[in-house]
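[1] I would like the atomic coordinates for the input below:
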Amino acid sequence: MVTKTTTKLVIFSDMKKAPKEFVEFFNKELKMRNAGVREAARIIGVSHPTISDIVTYGKAPSFDTCVAIAKAFNLPEENILRMAGLLKSKPRESMMIEEISFIFDSLPEQDREEILQIARMKLSLKERRRGAHEAGNHHTRLNNNSVEVGP
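    Numbers count the residues shown, from 1 in each chain. Next up is the predicted model:
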């Protein structure tokens, strides 16, 4: 008796693709955490086929999966949702500001104060450099117009 076995090939033509940026980000995060598909699924709290679909096929994650990824990676939900194409994208600078705000809000008061001091110091240095640069340009302009400034 001979039995014939057939195999069906399932094509994921209806599958919504995740933006390339999201898939690259996700793979980078997994690599950085030294996590395979099953470990990532455990950390994120989703099934391993969900992670496999993202990593292997570039399938777009669901809203709930994005929220779980954000929580697991300690990142702003909005940024993950935007990268996954589930929220309207914003300019990179806006996303950075959201991330800075998220991180800042997660820190204790003393750390927030230290970060503010560092930011103020950076701004002060920038202003001094700009002032020195402008003073140098002013001196050069006057010399180019045959006017001498100095002792």
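
[2] From here on, just use CA atoms for contacts and neighbour counts.
    OK.

[3] And F73, how close does it get to L123?
    For F73, the distance to L123 (CA to CA, to the nearest Å) stands at 30 Å.

[4] who's more crowded, these two?
    F73 (16 against 12; other CA atoms under 10 Å).

[5] Show the pLDDT at that one.
    F73 carries a pLDDT value of 93.

[6] Give me the residue at the spatial middle of the protein.
    With distances taken as CA atoms, centre = their mean, the chain has N79 as the residue nearest its mean C-alpha position (6.7 Å).

[7] Specify the local secondary structure of it.
    helix (DSSP: H, G, I helix; E, B strand; the rest coil).

[8] give me the low-pLDDT residue ranges for the protein?
    Along the chain, segments meeting pLDDT under 70 span 1-14, 135-151.

[9] Show me the longest helix that occurs in it.
    Longest helix of the chain, by residue count under DSSP state H: helix 109-144.

[10] who touches F104 in this structure?
    In this structure, F104 makes contact with R112, judged by CA atoms under 8 Å, 6 or more residues apart in numbering.

[11] Confirm that it sits in a helix.
    Yes. When three-state DSSP is applied, F104 is found to be in a helix.

[12] ok, so what distance separates it from R112?
    From F104 to R112 the distance is 6 Å (CA to CA).

[13] what do you get for E21?
    E21 is 31 Å from R112, by CA to CA.

[14] re the thing from before, which ones are touching the residue nearest to the centre of the chain?
    M95, E98, E99.

[15] Just the ones of those in helices?
    Those of these lying in helices (DSSP H): M95, E98, E99.

[16] I'd like those residues laid out as JSON lines, including distance to D64 and neighbour count.
    JSON lines is the format used below for these (distance: CA to CA, whole Å; neighbours: other CA atoms under 10 Å):
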{"residue": "M95", "distance to D64": "20", "neighbour count": "17"}
{"residue": "E98", "distance to D64": "20", "neighbour count": "17"}
{"residue": "E99", "distance to D64": "20", "neighbour count": "17"}
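
[17] quick check, nearest of those to M32?
    E99 (18.8 Å; CA to CA).

[18] which one of the contacts of N79 is nearest E39?
    Distances from E39 to these, taken by CA to CA, are shortest for E99, at 25.3 Å.

[19] Now the closest one: closest residue in space that isn't a chain neighbour?
    Distances taken as CA to CA, 6 or more residues apart in numbering place P76 nearest to E99, at 6.1 Å, with adjacent residues excluded.
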